[in-house]
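In: Just a sequence and a predicted model for now, questions to come.
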Amino acid sequence: MLSGVPDGDIGPGALSPIEVLEARRQSLVPGRWRWLRQCHSDGVVVLGPEEVCAGREGDALVTTMPGAPLAVFAADCALVGLLSPKGVVGAAHVGWRGLRSGVLERTVAVMGSLGAAGLVAVVGACIGPECYEFGEKDLESLQARYGPSVRARTAEGHPALDLRAGVHRALEALAVPIASDCADCTACDPSWFSWRARNDTGRHALVVAEAP
């Protein structure tokens, strides 16, 4: 099961009392959630099926089933769930730095080392290019890696990054088809959290878990 349903702030920094936060999480995906202290890197943490993880540094989680849910959080970055019928699952937090450093490529490679094959991906909501003005130097480095589709324009006509296009190109190069793709822009749609548009401190989640 892969869940990306927005249901209030369910991130590690949520201000709600812990019992309220836990109840909110359990209403979405039951089980002991495992999550990282995300740092916009290519770091991948491999967990045993029931190994606890609540704040180790990295930007992707990988495990073999069965096991507790894997959660990644964002308020503009892309969230990607990865599932293999061979019983290996992963979840990645992909900001522009993580995209450039190859977090998706590394996550897929680690999953492959654990026997994953036939991977499919689910891509959550992220900021759209119409709202994502971006520096030319960094845009050039991402274009060099993922091609011209990552270069876009904001609604005002300024240079912009198409983060979703970069995620798509990375997955395409890895031969990982996308089974589900939420095209919402987190900056345009207030039902999602956006740091860039609204300075939101809340985080929505994408959770990967074994189907009941």
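Out: Everything's here; your move.
In: Tell me where the protein has helices.
Out: Using DSSP state H, the helices found in the chain span residues 18-28, 96-101, 103-113, 136-146, 163-173, 195-198.
In: Tell me the gap between the second one and the middle of its chain.
Out: With C-alpha atoms, centre = their mean, to the nearest Å as the basis, helix 96-101 stands 12 Å off its chain's centre.
In: what do you get for the third one?
Out: Put simply, helix 103-113 sits 14 Å off its chain's centre (C-alpha atoms, centre = their mean).
In: Kindly report the same for stretch 69-82.
Out: 3 Å.
In: any idea which of the helices of the chain scores lowest on pLDDT?
Out: Of all the helices of the chain, mean pLDDT reaches its minimum on helix 18-28 (a mean of 89).
In: how about it: buried residues?
Out: Leu21, Arg25, Leu28 (16 or more other C-beta atoms under 10 Å). Where C-beta positions appear, they are placed from N, C-alpha and C, glycine not excepted.
In: In this protein, where is pLDDT below threshold?
Out: 1-7, 211-212 (pLDDT under 70).
In: Ala170 and Leu15, how far apart?
Out: The spacing between Ala170 and Leu15, counted by C-beta to C-beta, to the nearest Å, is 34 Å.
In: Of the two, give the one with the bigger neighbour count.
Out: Set Ala170 next to Leu15 and count neighbours by other C-beta atoms under 10 Å: Ala170 wins out with 22 against 9.
In: Touching, the more buried one and Tyr146? I think so.
Out: Yes: assessed by C-beta atoms under 8 Å, Ala170 is found in contact with Tyr146 at 6.5 Å.
In: residue contacts, Glu51?
Out: Applying C-beta atoms under 8 Å, 6 or more residues apart in numbering, we find Glu51 in contact with Arg34, Thr63, Gly67.
In: Please enumerate the strands of this structure.
Out: 2-3, 35-37, 44-47, 54-57, 60-64, 70-74, 78-84, 88-94, 120-123, 151-153, 159-161, 178-181, 204-208 (DSSP state E).
In: Report how many residues lie close to the closest residue to Cys77 other than its chain neighbours.
Out: Nearest non-adjacent residue to Cys77, counting by C-beta to C-beta, 6 or more residues apart in numbering: Gly95, 4.0 Å away. Neighbour count of Gly95, defined by other C-beta under 10 Å: 21.
In: do you know how far the most centrally placed residue in the chain is from Val52?
Out: Nearest to the geometric centre of the chain sits Leu79, at 1.7 Å (C-alpha atoms, centre = their mean). As judged by C-beta to C-beta, Leu79 and Val52 stand 21 Å apart.
In: State the distance from His158 to Cys126.
Out: Noted for His158: a distance of 18 Å to Cys126, by C-beta to C-beta.
In: Comparing those two, which residue is more hemmed in?
Out: Cys126 (28 against 11).
In: any shared contact partners between Ala170 and Tyr146?
Out: Leu99.
In: any chance of the helices of the chain in CSV, with distance to Ala74 too?
Out: Converted to CSV, the helices of the chain look like this (distance: least, C-beta to C-beta, whole Å):
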stretch, distance to Ala74
helix 18-28, 15
helix 96-101, 11
helix 103-113, 13
helix 136-146, 18
helix 163-173, 11
helix 195-198, 9
